[in-house]
Every structure is written in C-alpha cells, then in structure tokens.
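Asker: coords please:
(2 chains)
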Amino acid sequence: MPAPMAESQLSPVRKGAMKRDRRDLVGLAYVAPVMLVLLVVLILPAIFAVYYSLLELQSVRPIGFAGLDNYRRVFSDPQMVEVVLRTLGFAVVTVALTLTVALAVAVFLDRLTTGRATFVQILVILPWVISTIVGALLFRWFFVTDISPGVYFLSLVGIHVKPLTDPTLAMMTLILVAMWRTLGFAVLLLLAGIKAVPAEFYEAAKIDGATSRQQFRLITLPMIKTPLTITTVVLTMSNLNNVEAPLVTTGGGPGDATQILPLTIYQQAFTHFDFSGGAALAAVALLLNVGLVFAYLRLAKWSV
Amino acid sequence: MGDTSSHRIGGRRHVVRIVIVLAAAVVALINIAPVLWGVATSVRPAAEIFAFPPSFLPGDLTGEHYAQVLSGSFTRNLANSLIYSTVATVAAVLLGAIAAYAFDRFRFPMRRPLFGVIVACIPLSMGAAVLVIPNYLYFAALGLLDTPVILPLLYLGYNLPMAVWILKGAMEGIPTELDEAAKIDGASRLRTFRSVILPLCKPSLAAASMFVFIGAWNEFVAGSVMVNTSAYRPVQVAVYQFISAFGRQWGPLTASAVLALVPILLLVVFFGRYLVAGLMRGAVKG
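Answerer: Residues are numbered from 1 along each chain as shown, chains lettered A, B, ... in the order given. Model prediction:
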C-alpha cells in the first residue's frame, strides 16, 4: 500500500507536524454528515427565523413581503412588552436562585467520598433526566394542586395557599419548577469546576490558617469563575426557551401572570396559527439566544 | 485552654455538618418526592387519591389506571418514542464518533471554524421554541411534516453537538502513539478508528448515547407540532394530551407519567454514572 506510506513520510502522527498538512481532505468527508444535519436542523432555521419574520404568511405559505409589519403588529400589543419584561425578570430570578442553591449543593458534594458522591449525584441529576412535561406534571401533583402534600404540609404550619389563583404565587411556582428542572445540571457543571481546583491551593491556605469560609471565598469562587459564567449562560438559555414548564404548571395564568416569551411564541404559531407574528417574536428571542451562544463560544475552552 | 477551644470548634463543625446534611436531605427529598408520589398515586384507587389530608400509608393497590392508559394508543406512542430515540442515538453516536475522530486526528481546511460551529450549536439547540417555527415552515415546504422521519432527524440534530463534544473530549485523551503503532502495523485510518480508538472510548460512547437518548425521549416542543397523526406521536405529547383529556383524573395521568419515565429511570439507575462522568468531563473542558 504505497499511499499510506507516502502519507506517513509526509506527516508523522505528531500533532504539531500534522498542523501544517492542509491536504487531508478526507477529514472533511468524515465531518460532512454531522455538519449537514446541523445545517438543516439548527443553522438554517436560525437564519430563516429572520427571513420568515419579514414575510407575509398565509398559514405556512409566503404570499408577500411584509417588511417590519409583523414586528409592528406584534409589539403594538402593550401586553407583549410586558411579556418580554416578565420573561427577563423570570430568567434573572430563576438563574440567580438556581446558581446559589447549586453552588451550595456542589460544595457539599465535593466533600463526599467517591462512592457516596456518585449515588448522590445521580439523585441530584434525576429531575434533569425527567422530561419537563412529566416533571412539571409530577411537581404540580406533589406541590401545587389543592389536595397536594405540599399544600397540606404548608397548611399544617398555618399557611393556606392556592398557588395557581394568585399571580405572585403562580410566578413563584413557575420559578420553583424551573429551578427543580435545571438544578442537577447546574450542580454537575459547578462540581466539575470545583474538582478542577488544585488541592495544593487548599493545603497552602490551611497552612496559612484560612478558615473553610475564607477558602471558599478566596480560592474556590475565583477559581471557578469560568464554570460559574458558563453555567449562568446555559441556565439563562434553558429558561429563556422553556415552553413546557409554564404550559403544564400554570398555563400562563392566572390572567397573564406567568405568560413568558417562549410560551407566547409557541402559542402564537401553534395555537393561534399566526405564523408571521410567531416568526417575528421568534426572531426577537433568537437575538437574545445568539448573544448567549456567542458568550458560550467565548467561554467554553474549545480548541482543535 | 487549648482543649476547650478545640472542643468548641469541633462542636461548631458538628453543627455545620448537621445543617449541611439536613439541607442535602431536603434537596434530595424535593428532587425525588414528586416522582415517588406520582408512582404511589398511579396504583391507588380513585377514592384514596382524592382523600384530603393525603394519606402517606400504603393502602389498596390497583392496576386500573395503567389498564385505562394502555387501552388506547399510548402503547403506540411509547413505541414511537422508543424507535425515534434509538434511531437518533445510533445515528448520533455513529456520525458523531467519526466526526470527532476527524476533528481530533486529521488536519483539514476549515477544521477550526467547523468545530466552532459545533460548539455554538450546543447552546443553540436549547432554543427549540425559537427554531421550531422556521423549521416548521420550511419542512412544510419540503413536504416532510407529519412523516415518520421528521422527528428522528430533529432529535438527531438537537443532540449531535453534545455527542461530538463528549466524544472529541474522550479522543483527546487517547495518545496518538497508538495511532502510530496501528499505522506501522498497516492498519488504515478507518481500521484504526474501529479497532483502536472506539474500544478505548466506551465510557464516553455510553455517556453520549445516554445524553442523546434522554434528550430525544424527553423532547416535547417539536414532537407536538411536527407530527399530527397519532400513529407518529411521541410519548411526551401523548402525556401532555392526557392532561386535557383526563382533567383531574390524577390516577391515569400519573400512570401515563410513570410509563413515560420508566425507560429513563432504568437507564439512569444502570448507567447513570457514565452520564454523570461524561457530563462532568465535558464540563471540565467548558
């Protein structure tokens, strides 16, 4: 086989030497199927989201150019501005609370021995592997309905609530469901970051007499800044695109109290069949998403 | 003197420890209690389900809710999801591993920007609510809506980026000397990939498979709009439709939820450590 021989003479397998070889076109063939699927499923729709939002659609068929009319129509509804603001508020509160709890759980898990830690990690990740539909349904049945154990326990300590009839409580419920859903994932990301901090740092700090709180504040926190930011980006992304949790838990109500943007986009297109308006809203949400995607791309330590 | 102060510190440490363990117990309880309660409800007679205050003691058992759920098209929906998820998983791991191999071991034009696209697609794929409208519109133009191929294709696309990421990370850890040795033995690169590289990243293959399977099994938004025929409907959409169909009949509702959970729970119980390890390793790179 002369071909591989010639190749091995040209480029020894060492990585540094391989970098100069620009003729290895077979590599392109190997990645082509993946790139093609991503193009069709993720990249083209991201591009078309903007294109479709500028068209006049009759059901799913373009019948003309609309310019910015779709945007004007959708955002002339004062409620839509409220939806966007509410969505941002929901995302900020949910992400902040999730990060705080996840950090505490991650620090705790870091101290466990390996065998126990794996067991607890699987327990912690459980809500994340459950679908949001099933998770939100079970969450609602355990914590939210009038005859749920959650409501019963609260009534034992003198708190009588009907979470879904009060706007503030409904929003709190939605935030709790969202937290419940993503907490385990956040814990794992942060735990990985904490485990990557060299043990010598803590040993040196102990010799200098630092308390465990000082160690956390002066070593752990600064060292996990990147994982912390990545987790923030991923959590924000996940919550900005959560259709299922409001759909199943609160249905957007009472009134409009828990109507957030992803649910609105979904309903605009697939409940009201207003695809032009849905596309305009989707383009706005995409803008938020793309910002986060670039943040992720910057933060993730990827190299090839 | 020294004795008492160390004793005091020890006591405080004890308190902190108890607080931490209690907090962890609460988190664990909140995490699994809704699942356990759902399982309990699904096997209770209706009268017991609607008792208030709720009873936490085991009472009569019944399979009627499961019988009711399984009498309709739900079995078909479960089978659909099983097929969609399996197809997506096999395709994602196969295509993903080959691509990861090329990204890690080959040098070709556009390598860096192409891998950047894959990394960017990891968060992008979480925006299904946004992408599903344009997706829907051009799949409508292509005539692919309401066909059995649309959902496996989408589930493959949503989860491929993470699969490539996990597998590429694993291959970085395999020394290139092994490739070199295989080459000296006369193995082609595909042969090296199959007989040297793949066997060495089995744990990551397991992690990537689980990630794709769980992602595909749990997807709802695309599943609810891309297919209309009940013969193509995935399980999550079927569970959601039960919410309006059964209303407050929590017996059959929780039974359907439990049935939709079983495959995932089995996977996590038996292979959860691969998923955790894979995600953790991916995250370290992050």
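Asker: Walk me through the domains of chain B.
Answerer: Domain ranges of chain B: B:2-42, B:64-285, per automatic domain parsing.
Asker: most packed of those?
Answerer: Comparing the domains of chain B by mean neighbour count (mean count of other C-beta atoms under 10 Å in any protein chain shown), domain B:64-285 comes out on top with a mean of 20. Bear in mind the C-beta positions are built from the backbone N, C-alpha and C, glycine included.
Asker: So for it, mean pLDDT?
Answerer: The pLDDT scores in domain B:64-285 average 90.
Asker: A:R72: which of the domains of chain B is closest?
Answerer: A:R72 lies closest to domain B:64-285 among the domains of chain B, at 18.4 Å (C-beta to C-beta).
Asker: what about the closest one, distance to the chain center?
Answerer: In this view, domain B:64-285 has its centroid 7 Å away from the chain centroid, taken as C-alpha atoms, centre = their mean, to the nearest Å.
Asker: hmm, back to that, dump the domains of chain B into a markdown table; add distance to chain A as well.
Answerer: Converted to a markdown table, those look like this (distance: least, C-beta to the nearest C-beta, whole Å):
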| stretch | distance to chain A |
| --- | --- |
| domain B:2-42 | 4 |
| domain B:64-285 | 3 |
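Asker: how about the ones you listed in JSON lines, adding distance to A:N70?
Answerer: As requested, the domains of chain B are arranged in JSON lines below (distance: least, C-beta to C-beta, whole Å):
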{"stretch": "domain B:2-42", "distance to A:N70": "40"}
{"stretch": "domain B:64-285", "distance to A:N70": "12"}
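Asker: And the helices in the stretch 51-200 of chain B?
Answerer: Using DSSP state H, counting those that start in this stretch, the helices of the stretch 51-200 of chain B run over B:64-70, B:74-105, B:111-124, B:128-142, B:150-172, B:176-184, B:189-192, B:198-200.
Asker: relative to helix B:150-172, how tilted is the fourth one?
Answerer: Helix B:128-142 and helix B:150-172 meet at an angle of 120 degrees, taking axes from the mean of the first three to the mean of the last three C-alpha atoms, to 10 degrees as the criterion.
Asker: just to revisit the earlier point, I'd like to know which of the domains of chain B lies nearest to A:F273.
Answerer: When the domains of chain B are compared by C-beta to C-beta, domain B:64-285 sits nearest A:F273, at 10.8 Å.
Asker: What mean pLDDT does the lengthiest helix in chain B get?
Answerer: Determined from DSSP state H, the single longest helix within chain B is helix B:2-42. Mean pLDDT, helix B:2-42: 74.
Asker: buried ones in the very next helix or strand once past that helix?
Answerer: Using DSSP states H and E, the helix or strand that follows helix B:2-42 in sequence is helix B:46-49. Buried residues in helix B:46-49, counting neighbours by 16 or more other C-beta atoms under 10 Å in any protein chain shown, are found at B:E48, B:I49.
Asker: follow-up on the earlier one: closest to A:Y202 out of the domains of chain B?
Answerer: domain B:2-42 (16.2 Å).
Asker: any idea how far the closest one is from the chain center?
Answerer: Put simply, domain B:2-42 sits 28 Å off its chain's centre (C-alpha atoms, centre = their mean).
Asker: most centrally placed residue in chain A?
Answerer: In chain A, the centroid-proximal residue (C-alpha atoms, centre = their mean) is A:S238; its distance is 2.2 Å.
Asker: tell me which residues in the host helix or strand of that residue are buried?
Answerer: Using DSSP H and E, the element containing A:S238 is helix A:225-240. For helix A:225-240, the neighbour count (16+ other C-beta under 10 Å) marks A:227-228, A:230-240 as buried.
Asker: What is the helix or strand following it packed up against?
Answerer: Per DSSP H and E, the first helix or strand lying C-terminal to helix A:225-240 is helix A:244-249. Contacts defined by 3 or more C-beta pairs under 8 Å, 6 or more residues apart in numbering or on different chains; DSSP states H and E place helix A:244-249 against helix A:132-139, helix A:167-195, helix A:261-270, helix B:235-246.
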